[in-house]
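[1] only the shape, not the letters, is given here:
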């Protein structure tokens with residue numbers, strides 16, 4: 001125990017260094033007297049090493065949401081949450097108002113990804129997948145590969161058709177060659193509002209873009225097996 005002298009010549013105790021684990025810092029606490037008032041001085045000398053490493057292992061939630069949720073869904077969820085915060089707490093809490101407005105702005109910005117086109121998120125099919133890029137020709141993907149950019153559509157042998165992905169819609173190819181939309185509004189947007197989804201030869205023959213014809217030819221199966229439906 002150390003001792004320090006007050007201005008009136010009395011003696012008070014000064015505690016040793018104290019660790020504050022809950023705030024992830026170590027500090028020394030000193031006491032001294034100013035105009036007969038006791039003052040606490042805290043010197044921060046370093047961060048807790050273990051807690052700092054734990055933060056690095058936390059998953060990037062933002063990146064995961066952008067990867068697996070289509071922009072229509074991200075926009076809708078953000079719009080609902082932001083509006084609820086603004087209307088429920090905005091009048092009585094300025095911080096809640098700013099938070100709600102920030103979420104609303106962020107939700108609108110998600111729509112930027114719509115202009116980037118459709119995306120194939122997962123490819124677990126048992127045969128090569130052929131894709132049409134927005135500004136390129138036909139490309140082929142082996143098992144497990146996904147396009148580095150956005151695509152207009154894809155197909156694989158045995159599908160006997162093509163799958164059209166509208167802008168901002170995300171899809172997966174499962175191990176049984178079924179096609180599945182990512183969770184959210186993608187299916188409704190693609191099939192009901194944007195005329196996307198599975199397309200037969202009749203639709204392909206009506207397209208001026210000959211890449212769809214080439215993509216369809218790669219999907220033909222000798223056995224003529226039909227495609228598994230998207231869900």
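    In hand now; what should we look at? This one's a predicted model, so the numbers in the text were calculated from it and none came from an experiment. Residues are numbered from 1 along each chain as shown.
[2] low-confidence ranges in this structure?
    Low-confidence segments of the chain, defined by pLDDT under 70: 1-66, 222-231.
[3] please enumerate the helices of it.
    With DSSP state H as the criterion, the chain has helices at 49-56, 61-68, 71-89, 94-109, 186-188, 201-205, 211-219.
[4] nearest to residue 167, out of these?
    helix 71-89 (9.0 Å; CB to CB). For glycine as for every other residue, the C-beta is placed from the backbone atoms N, C-alpha and C.
[5] what residues sit buried inside the closest one?
    Of the residues in helix 71-89, 71-79, 81-82, 85-86 count as buried by neighbour count, 16 or more other CB atoms under 10 Å.
[6] which residues touch that helix?
    65-66, 69, 96-97, 99-104, 106-108, 110-114, 168-169, 183-186, 189 (CB atoms under 8 Å, 6 or more residues apart in numbering).
[7] switch the cut-off to 7 Å
    65, 96-97, 99-101, 103-104, 106-108, 110-111, 113-114, 168, 184-186, 189 (CB atoms under 7 Å, 6 or more residues apart in numbering).
[8] name only those of the residues you listed that count as buried.
    99-100, 103-104, 106-107, 110, 113-114, 168, 184-186, 189.
[9] before we move on, back to that, so which of the buried residues of helix 71-89 is the closest to residue 207?
    Closest to residue 207, out of all of those and judged by CB to CB, is residue 72, at 24.6 Å.
[10] how about the nearest residue to that closest one, chain neighbours excluded?
    Setting aside the residues directly before and after it, residue 72 is nearest to residue 185 in space (CB to CB, 6 or more residues apart in numbering), at 4.4 Å.
[11] ok, that neighbour - contacts?
    70, 72-73, 76.
[12] test my guess that residue 142 contacts residue 128.
    Yes: the pair residue 142 / residue 128 is scored as a contact, 6.2 Å apart, by CB atoms under 7 Å.
[13] so those two - more neighbours on which side?
    residue 128 (15 against 10; other CB atoms under 10 Å).
[14] next, the more buried one: phi, psi?
    Backbone geometry at residue 128, expressed as degrees, to the nearest 10, gives phi -60, psi 140.
[15] distance check, it against residue 144.
    Distance of residue 128 to residue 144, computed by CB to CB, to the nearest Å: 11 Å.
[16] likewise residue 112?
    Distance from residue 112 to residue 144, counting by CB to CB: 28 Å.
[17] about what we covered before: can you lay out the contacts of residue 185 as a markdown table showing distance to residue 160?
    Below are those laid out as a markdown table (distance: CB to CB, whole Å):
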| residue | distance to residue 160 |
| --- | --- |
| 70 | 26 |
| 72 | 29 |
| 73 | 30 |
| 76 | 34 |
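[18] what's the most distant pair in those?
    Of all pairs drawn from the contacts of residue 185, the one with the longest distance (CB to CB) is 70 and 76, at 9.9 Å.
[19] for this protein, what spans make up the strands?
    Remark: strands assigned in the chain by DSSP state E are 2-5, 11-14, 18-20, 25-34, 37-47, 119-123, 129-133, 138-141, 151-156, 162-164, 170-173, 179-181, 197-199.
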